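In: Please work out how this folds:
(one chain, ligands or ions: 1)
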Amino acid sequence: MSVALSELSNGVLRLTMNRPAKKNALTQEMYGLLADGILNAQDNPDIRVILITGAGDAFTAGNDLSDFAGGDRDKGEELPVARFLRSLVENDKPLIAAVNGVAVGVGVTMLLHTDLVYAGASASFQVPFTNLGLVPEAASSLLLPLTVGIQRANELFLLGNRIDAAEAEKIGLILRAVADDELLDVANKAAAQLAAKAPTALKLTKQLVRQSKETLKQRMADESVHFGAQLKSPEFAEAVTAFAERRPADFSKIA
Ligand code: COA
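Out: Presented below is the predicted three-dimensional model:
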(Lines give C-alpha, C1' and ligand atoms only; values in the text may rest on other atoms or scores of the structure.)
Protein backbone atom coordinates (compact mmCIF):
# COMPACT_ATOMS: atom_id res chain seq x y z
CA MET A 1 0.00 0.00 0.00
CA SER A 2 1.38 3.41 -0.99
CA VAL A 3 2.35 5.89 1.72
CA ALA A 4 0.24 8.52 -0.07
CA LEU A 5 -3.01 7.46 -1.69
CA SER A 6 -4.50 9.33 -4.61
CA GLU A 7 -8.10 8.83 -5.72
CA LEU A 8 -10.16 10.81 -8.23
CA SER A 9 -13.94 10.79 -8.02
CA ASN A 10 -16.52 13.27 -9.34
CA GLY A 11 -13.93 15.97 -9.96
CA VAL A 12 -12.37 15.66 -6.48
CA LEU A 13 -8.79 14.40 -6.12
CA ARG A 14 -8.44 12.98 -2.66
CA LEU A 15 -4.87 12.72 -1.34
CA THR A 16 -4.44 10.63 1.81
CA MET A 17 -1.22 10.63 3.81
CA ASN A 18 -0.99 6.95 4.58
CA ARG A 19 1.51 5.89 7.22
CA PRO A 20 -0.84 5.56 10.17
CA ALA A 21 1.53 3.54 12.40
CA LYS A 22 3.83 6.60 12.40
CA LYS A 23 0.99 9.13 12.66
CA ASN A 24 1.50 9.82 8.92
CA ALA A 25 4.89 11.45 9.61
CA LEU A 26 6.09 12.66 6.23
CA THR A 27 9.07 11.07 4.50
CA GLN A 28 10.71 12.35 1.32
CA GLU A 29 8.82 9.63 -0.58
CA MET A 30 5.51 10.91 0.77
CA TYR A 31 6.34 14.54 -0.05
CA GLY A 32 7.21 13.42 -3.57
CA LEU A 33 3.92 11.61 -4.08
CA LEU A 34 1.88 14.49 -2.67
CA ALA A 35 3.76 16.98 -4.86
CA ASP A 36 3.13 14.78 -7.93
CA GLY A 37 -0.58 14.66 -7.09
CA ILE A 38 -0.89 18.43 -6.71
CA LEU A 39 1.35 19.44 -9.63
CA ASN A 40 -0.16 16.92 -12.07
CA ALA A 41 -3.64 18.12 -11.13
CA GLN A 42 -2.93 21.60 -12.48
CA ASP A 43 -3.31 20.64 -16.16
CA ASN A 44 -6.00 18.03 -15.62
CA PRO A 45 -9.43 19.53 -16.34
CA ASP A 46 -11.11 16.51 -14.72
CA ILE A 47 -9.72 17.58 -11.35
CA ARG A 48 -11.78 20.50 -9.99
CA VAL A 49 -10.85 20.30 -6.31
CA ILE A 50 -8.13 18.69 -4.20
CA LEU A 51 -8.91 17.30 -0.74
CA ILE A 52 -6.15 16.24 1.63
CA THR A 53 -6.55 14.11 4.73
CA GLY A 54 -4.72 11.50 6.81
CA ALA A 55 -5.23 7.76 7.25
CA GLY A 56 -6.14 6.39 10.68
CA ASP A 57 -6.34 8.74 13.65
CA ALA A 58 -3.78 11.36 12.61
CA PHE A 59 -3.61 14.09 9.98
CA THR A 60 0.18 14.14 10.06
CA ALA A 61 2.85 14.33 12.78
CA GLY A 62 4.84 16.51 10.39
CA ASN A 63 8.23 15.80 8.93
CA ASP A 64 9.58 12.39 9.89
CA LEU A 65 12.17 13.22 12.50
CA SER A 66 14.63 10.68 11.10
CA ASP A 67 14.11 11.79 7.50
CA PHE A 68 14.85 15.51 7.39
CA ALA A 69 17.22 15.11 4.40
CA GLY A 70 19.52 17.74 5.87
CA GLY A 71 22.70 16.95 3.94
CA ASP A 72 21.15 16.93 0.48
CA ARG A 73 19.94 20.50 0.92
CA ASP A 74 23.41 21.71 -0.06
CA LYS A 75 23.51 19.99 -3.44
CA GLY A 76 21.29 22.50 -5.18
CA GLU A 77 18.75 19.94 -6.39
CA GLU A 78 15.09 20.34 -5.49
CA LEU A 79 14.29 17.91 -2.69
CA PRO A 80 10.85 16.27 -2.55
CA VAL A 81 9.97 18.39 0.49
CA ALA A 82 10.85 21.56 -1.44
CA ARG A 83 8.81 20.34 -4.43
CA PHE A 84 5.87 19.71 -2.11
CA LEU A 85 6.10 23.23 -0.67
CA ARG A 86 6.38 24.63 -4.21
CA SER A 87 3.32 22.62 -5.24
CA LEU A 88 1.32 24.35 -2.50
CA VAL A 89 2.31 27.71 -3.98
CA GLU A 90 1.76 26.70 -7.62
CA ASN A 91 -1.61 25.09 -6.86
CA ASP A 92 -4.45 26.96 -8.57
CA LYS A 93 -7.12 24.37 -7.78
CA PRO A 94 -9.25 24.82 -4.66
CA LEU A 95 -7.66 22.87 -1.80
CA ILE A 96 -9.65 21.50 1.14
CA ALA A 97 -8.16 19.84 4.23
CA ALA A 98 -9.98 17.39 6.48
CA VAL A 99 -7.84 17.35 9.62
CA ASN A 100 -8.70 14.07 11.30
CA GLY A 101 -6.29 14.08 14.26
CA VAL A 102 -2.89 15.50 15.22
CA ALA A 103 -1.44 18.08 12.85
CA VAL A 104 2.16 18.97 13.68
CA GLY A 105 4.75 21.12 11.91
CA VAL A 106 4.20 20.99 8.17
CA GLY A 107 0.85 19.36 9.00
CA VAL A 108 -0.17 22.83 10.18
CA THR A 109 1.85 25.02 7.84
CA MET A 110 0.32 23.32 4.79
CA LEU A 111 -3.07 24.42 6.12
CA LEU A 112 -2.03 28.05 5.62
CA HIS A 113 -2.04 27.28 1.88
CA THR A 114 -5.40 25.49 2.09
CA ASP A 115 -8.55 27.29 1.05
CA LEU A 116 -11.02 25.57 3.39
CA VAL A 117 -9.83 23.74 6.52
CA TYR A 118 -12.22 21.49 8.45
CA ALA A 119 -11.13 19.56 11.52
CA GLY A 120 -12.58 16.85 13.70
CA ALA A 121 -13.24 17.88 17.29
CA SER A 122 -10.37 15.70 18.52
CA ALA A 123 -7.81 17.23 16.13
CA SER A 124 -4.90 19.21 17.53
CA PHE A 125 -2.45 21.68 16.08
CA GLN A 126 1.17 22.37 16.95
CA VAL A 127 4.10 24.08 15.23
CA PRO A 128 6.94 23.04 17.56
CA PHE A 129 9.79 24.31 15.38
CA THR A 130 11.62 26.05 18.20
CA ASN A 131 11.12 23.01 20.46
CA LEU A 132 13.16 21.17 17.83
CA GLY A 133 15.78 23.90 17.45
CA LEU A 134 14.27 24.80 14.07
CA VAL A 135 12.52 27.79 12.51
CA PRO A 136 9.17 28.10 10.68
CA GLU A 137 8.90 26.88 7.08
CA ALA A 138 6.42 26.83 4.19
CA ALA A 139 6.16 30.65 4.37
CA SER A 140 4.40 30.18 7.71
CA SER A 141 6.50 32.97 9.24
CA LEU A 142 4.52 35.26 6.93
CA LEU A 143 1.18 33.46 6.75
CA LEU A 144 0.59 32.46 10.39
CA PRO A 145 0.80 36.04 11.77
CA LEU A 146 -1.44 37.18 8.90
CA THR A 147 -3.92 34.42 9.73
CA VAL A 148 -4.08 34.53 13.53
CA GLY A 149 -2.26 37.76 14.48
CA ILE A 150 1.27 38.25 15.77
CA GLN A 151 0.63 37.46 19.46
CA ARG A 152 -1.08 34.15 18.70
CA ALA A 153 1.52 33.30 16.07
CA ASN A 154 4.19 33.91 18.71
CA GLU A 155 2.34 31.70 21.19
CA LEU A 156 2.30 28.91 18.63
CA PHE A 157 5.80 29.44 17.26
CA LEU A 158 7.79 30.54 20.31
CA LEU A 159 6.06 28.55 23.04
CA GLY A 160 5.35 25.66 20.67
CA ASN A 161 2.12 24.88 22.52
CA ARG A 162 -0.48 22.49 21.13
CA ILE A 163 -4.03 23.79 20.67
CA ASP A 164 -7.26 21.90 20.14
CA ALA A 165 -9.72 22.19 17.27
CA ALA A 166 -12.08 24.53 19.12
CA GLU A 167 -9.23 26.96 19.84
CA ALA A 168 -7.97 26.64 16.25
CA GLU A 169 -11.42 27.63 15.01
CA LYS A 170 -11.62 30.50 17.50
CA ILE A 171 -8.34 32.05 16.33
CA GLY A 172 -9.12 31.49 12.64
CA LEU A 173 -6.45 28.88 11.96
CA ILE A 174 -9.18 26.61 10.62
CA LEU A 175 -12.60 27.29 9.17
CA ARG A 176 -14.65 24.91 11.32
CA ALA A 177 -14.36 22.18 13.95
CA VAL A 178 -17.00 19.48 13.52
CA ALA A 179 -17.81 16.17 15.19
CA ASP A 180 -15.13 13.60 14.31
CA ASP A 181 -17.62 11.29 12.62
CA GLU A 182 -19.01 14.11 10.48
CA LEU A 183 -15.66 15.42 9.25
CA LEU A 184 -15.45 13.60 5.93
CA ASP A 185 -19.11 14.28 5.12
CA VAL A 186 -18.65 18.00 5.74
CA ALA A 187 -15.40 18.15 3.72
CA ASN A 188 -16.85 16.06 0.88
CA LYS A 189 -19.93 18.27 0.73
CA ALA A 190 -17.79 21.41 0.38
CA ALA A 191 -15.66 19.64 -2.25
CA ALA A 192 -18.74 18.66 -4.26
CA GLN A 193 -20.01 22.23 -4.06
CA LEU A 194 -16.70 23.59 -5.37
CA ALA A 195 -16.45 20.89 -8.06
CA ALA A 196 -19.68 22.17 -9.59
CA LYS A 197 -18.53 25.79 -9.76
CA ALA A 198 -17.00 27.79 -12.62
CA PRO A 199 -13.32 26.74 -12.56
CA THR A 200 -11.76 29.95 -13.88
CA ALA A 201 -13.76 32.11 -11.49
CA LEU A 202 -12.57 29.90 -8.62
CA LYS A 203 -8.95 30.00 -9.77
CA LEU A 204 -8.92 33.79 -10.15
CA THR A 205 -10.65 34.31 -6.81
CA LYS A 206 -8.13 32.06 -5.10
CA GLN A 207 -5.26 33.99 -6.68
CA LEU A 208 -6.74 37.33 -5.63
CA VAL A 209 -7.29 36.25 -2.03
CA ARG A 210 -3.85 34.69 -1.54
CA GLN A 211 -0.40 36.26 -1.29
CA SER A 212 1.42 36.40 -4.63
CA LYS A 213 3.37 33.31 -5.61
CA GLU A 214 6.57 35.37 -5.78
CA THR A 215 6.09 36.63 -2.22
CA LEU A 216 5.49 33.12 -0.91
CA LYS A 217 8.46 31.63 -2.76
CA GLN A 218 10.76 34.39 -1.54
CA ARG A 219 9.69 33.83 2.08
CA MET A 220 10.18 30.07 1.71
CA ALA A 221 13.67 30.69 0.36
CA ASP A 222 14.51 33.04 3.26
CA GLU A 223 13.20 30.53 5.82
CA SER A 224 15.07 27.69 4.14
CA VAL A 225 18.46 29.35 4.72
CA HIS A 226 17.87 29.35 8.49
CA PHE A 227 16.10 25.99 8.51
CA GLY A 228 18.99 24.30 6.69
CA ALA A 229 21.54 25.84 9.06
CA GLN A 230 19.55 24.84 12.15
CA LEU A 231 19.29 21.24 10.91
CA LYS A 232 23.05 21.07 11.43
CA SER A 233 22.94 22.73 14.85
CA PRO A 234 23.49 21.14 18.27
CA GLU A 235 20.00 22.40 19.17
CA PHE A 236 18.35 20.18 16.55
CA ALA A 237 20.64 17.24 17.38
CA GLU A 238 19.62 17.43 21.05
CA ALA A 239 15.91 17.71 20.18
CA VAL A 240 15.94 14.65 17.90
CA THR A 241 17.95 12.59 20.40
CA ALA A 242 15.51 13.59 23.13
CA PHE A 243 12.51 12.52 20.98
CA ALA A 244 14.12 9.13 20.29
CA GLU A 245 14.85 8.73 24.01
CA ARG A 246 11.32 9.88 24.91
CA ARG A 247 12.58 12.61 27.23
CA PRO A 248 12.32 16.42 27.18
CA ALA A 249 15.10 18.19 25.29
CA ASP A 250 17.78 19.85 27.44
CA PHE A 251 19.09 23.03 25.84
CA SER A 252 20.66 24.33 29.08
CA LYS A 253 24.23 23.60 27.98
CA ILE A 254 23.84 25.16 24.53
CA ALA A 255 25.19 28.71 24.28
N1 COA B 1 8.77 11.42 12.91
C2 COA B 1 9.02 10.12 13.05
N3 COA B 1 8.25 9.29 13.78
C4 COA B 1 7.17 9.81 14.38
C5 COA B 1 6.85 11.17 14.27
C6 COA B 1 7.70 12.00 13.50
N7 COA B 1 7.46 13.30 13.30
N8 COA B 1 5.73 11.39 14.99
C9 COA B 1 5.35 10.23 15.51
N10 COA B 1 6.24 9.26 15.15
C11 COA B 1 6.18 7.85 15.50
C12 COA B 1 6.56 7.61 16.94
O13 COA B 1 7.99 7.53 17.06
C14 COA B 1 5.88 6.28 17.20
O15 COA B 1 6.65 5.25 16.60
P16 COA B 1 6.85 3.84 17.39
O17 COA B 1 5.45 3.32 17.61
O18 COA B 1 7.65 3.03 16.42
O19 COA B 1 7.56 4.18 18.66
C20 COA B 1 4.58 6.38 16.39
O21 COA B 1 4.84 7.39 15.39
C22 COA B 1 3.39 6.83 17.21
O23 COA B 1 3.75 8.03 17.88
P24 COA B 1 3.46 8.28 19.44
O25 COA B 1 4.38 9.38 19.89
O26 COA B 1 3.54 6.99 20.18
O27 COA B 1 1.95 8.76 19.37
P28 COA B 1 1.21 9.80 20.32
O29 COA B 1 -0.23 9.74 19.92
O30 COA B 1 1.58 9.57 21.75
O31 COA B 1 1.81 11.24 19.91
C32 COA B 1 2.50 12.97 18.40
C33 COA B 1 1.65 11.71 18.59
C34 COA B 1 2.41 13.36 16.93
C35 COA B 1 1.95 14.11 19.28
C36 COA B 1 3.95 12.68 18.83
O37 COA B 1 4.37 11.48 18.19
C38 COA B 1 4.94 13.77 18.43
O39 COA B 1 5.04 14.78 19.08
N40 COA B 1 5.68 13.52 17.34
C41 COA B 1 6.72 14.43 16.88
C42 COA B 1 6.10 15.55 16.07
C43 COA B 1 7.16 16.47 15.53
O44 COA B 1 7.96 17.02 16.25
N45 COA B 1 7.16 16.63 14.18
C46 COA B 1 8.09 17.45 13.48
C47 COA B 1 7.55 18.83 13.35
S48 COA B 1 8.64 19.91 12.48
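
In: Would you list the phi and psi of the closest residue to the ligand within the chain?
Out: Using C-beta to the nearest ligand atom, the closest approach of the chain to the ligand is made by Gly105 at 2.6 Å. Every C-beta, even on glycine, is put in place using the N, C-alpha and C of the backbone. Phi and psi for Gly105, reported as degrees, to the nearest 10, are phi 60, psi -120.

In: That one contacts Val127, doesn't it?
Out: Yes - in this structure, Gly105 is within contact of Val127 by C-beta atoms under 8 Å, at 6.3 Å.

In: ok, the two, which is more surrounded?
Out: Using other C-beta atoms under 10 Å, the more surrounded residue of Gly105 and Val127 is Val127, with 29 against 25.

In: mind listing the helices for the stretch 51-200 of the chain?
Out: Assigned by DSSP state H, counting those that start in this stretch, the stretch 51-200 of the chain shows helices spanning 80-90, 106-109, 140-148, 150-154, 165-170, 183-195, 199-209.

In: about what we covered before: and for the closest residue to the residue of the chain closest to the ligand other than its chain neighbours, the neighbour number?
Out: Leaving aside its sequence neighbours, Gly105 sits nearest to Gly62 (C-beta to C-beta, 6 or more residues apart in numbering; 2.7 Å). Other residues lying near Gly62 total 24 when counted by other C-beta under 10 Å.

In: which stretches of the protein aren't confidently modelled?
Out: Applying pLDDT under 70 to the chain flags residues 69-75.

In: quick one: the residue most central in space within it from Phe84, how far?
Out: Among the residues of the chain, the one closest to the centroid is Met110, at 2.5 Å (C-alpha atoms, centre = their mean). Counting by C-beta to C-beta, to the nearest Å, the separation of Met110 from Phe84 is 8 Å.

In: Next: Ser233.
Out: 23 Å.

In: who does Ala4 bridge with?
Out: For Ala4, the beta-bridge partners are Met17 (DSSP bridges).

In: buried residues in stretch 47-55?
Out: Neighbour counts over stretch 47-55 (16 or more other C-beta atoms under 10 Å) mark 47-55 as buried.

In: Nearest to Asn24, out of the residues you listed: which one, please.
Out: Gly54 (4.5 Å; C-beta to C-beta).

In: what about the strands in this structure?
Out: With DSSP state E, the ranges of strands along the chain come out as 4-9, 12-17, 49-54, 58-60, 95-99, 102-104, 116-120, 124-126, 163-164, 176-178.

In: tell me, how many neighbours does the nearest residue to Pro248 once chain neighbours are set aside end up with?
Out: Of all residues not flanking Pro248 in the chain, Ala242 sits nearest, at 6.2 Å (C-beta to C-beta, 6+ apart). Look at Ala242: counted by other C-beta under 10 Å, it has 16 neighbours.

In: residues touching Ala242, list them.
Out: Applying C-beta atoms under 8 Å, 6 or more residues apart in numbering, we find Ala242 in contact with 248-250.

In: give the contact list for Asn18.
Out: Asn18 makes contact with 1-5, 24, 54-55, according to C-beta under 8 Å, 6+ apart.

In: Now the closest residue to it other than its chain neighbours. Its backbone dihedrals?
Out: Leaving out its chain neighbours, the residue that sits closest to Asn18 by C-beta to C-beta, 6+ apart is Ala55, at 4.3 Å. With angles defined as degrees, to the nearest 10, Ala55 sits at phi -80, psi 150.
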